[in-house]
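J.: 3D model of this:
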Amino acid sequence: MNSAILYTFRRCPYAMRARISLHLSQLNPLVREIELKNKPAELIAISAKGTVPVLVTANNKVISESLDIMRFALTEYPAPENHYLTTEEYQALQYWLDQSTTESLINANDNEFKPWLDKYKYADRFPEYSQLWYRQQAERFIQTLEDLLQQHNYLCTDSPTLADFAIFPFIRQFANVEPVWSNTMPYPNVIVWLTTLVNSSLFNVTMYKYPLWLPQKNMIQLKHSEHDDGQVIPLCKN
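T.: Have a look, this model is predicted:
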């Protein structure tokens, strides 16, 4: 199961999603780490939009949406015995893959929160309103998460599921815009949730710095460092 290929960019939250799910699966693709300013012709040839992540399976199926990669990895190549979740936690992960709550949360993140996050992060490109105003619009979703996290340790239950893994890379990005504010933002449950996920051994290995594929076109397997001990990662760090 090592002949699949993953095109990825370390700091992209969509690519983080894909790598997280792959670490929770039996798949161990070869990694092609790219630079967005220097996209390989091979990537454009199989996915005209040129975005990451893109997974090319062993039978040359091209999967170019992060959520599709997540579900493909976790459904077709489940790994209930892994280094990051207990058997019970993995069962919960599988159960929540296609629940309506999962779908609703991820849709809200991708289609409502993400556009406000972009304007908040790049407020100078959108001078119609202030950065504070854009942050306040994004905070509506943060409040939704805070309300959910008052009921469970994670968004759907007391262990992380697809919703958590698909959403927290974007909340991490939100927190990185104004680190001083975000470390004391008025959402204590979100802070605990985000800090827990960011400091997890799963996220640590997900954020391994792979060498760039170009120009040498050398590749290594995604999970070559899977057994590395987790290291603490600050909440606000790119």
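
J.: Just the CA coordinates for stretch 208-217, please, in PDB.
T.: Once side chains and other backbone atoms are set aside, the C-alpha atoms of stretch 208-217 remain, and they are given as PDB (Å, rounded to 0.1, in the frame of the first residue of the first chain):
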ATOM      1  CA  TYR A 208       6.700  16.900   9.800                       C
ATOM      2  CA  LYS A 209       8.800  19.000   7.400                       C
ATOM      3  CA  TYR A 210       9.200  16.900   4.300                       C
ATOM      4  CA  PRO A 211      11.800  18.000   1.800                       C
ATOM      5  CA  LEU A 212      10.500  19.700  -1.300                       C
ATOM      6  CA  TRP A 213       9.800  17.400  -4.200                       C
ATOM      7  CA  LEU A 214      11.300  19.700  -6.800                       C
ATOM      8  CA  PRO A 215      13.900  20.000  -8.200                       C
ATOM      9  CA  GLN A 216      15.400  16.600  -7.300                       C
ATOM     10  CA  LYS A 217      12.000  14.800  -7.300                       C
END
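
J.: contacts for the worst-scoring helix or strand of the chain on mean pLDDT?
T.: Every helix and strand in the chain was compared by mean pLDDT, DSSP states H and E; the lowest is strand 220-221, with a mean of 91. By Cβ atoms under 8 Å, 6 or more residues apart in numbering, the residues outside strand 220-221 that reach it are 2, 28-31, 210-211. Any C-beta I mention is one placed from the backbone N, CA and C, and that applies to glycine too.

J.: need the helices for the chain, in chain order.
T.: When assigned using DSSP state H, the helices of the chain occupy the ranges 13-23, 41-46, 66-76, 87-95, 100-108, 114-121, 131-149, 162-177, 179-182, 188-198, 201-206.

J.: Near E81, how many residues? Count them for me, please.
T.: A count of neighbours around E81, defined by other Cβ atoms under 10 Å, yields 10.

J.: what does Q94 give?
T.: Count around Q94 with other Cβ under 10 Å applied: 15.

J.: Repeat that for F203.
T.: The burial metric for F203, expressed as a neighbour count using other Cβ under 10 Å, is 22.

J.: so what's the nearest residue to N189 once chain neighbours are set aside scoring on pLDDT?
T.: By the measure of Cβ to Cβ, 6 or more residues apart in numbering, the closest residue to N189 outside its immediate chain neighbours is L149, 3.6 Å from it. Predicted confidence (pLDDT) for L149: 98.
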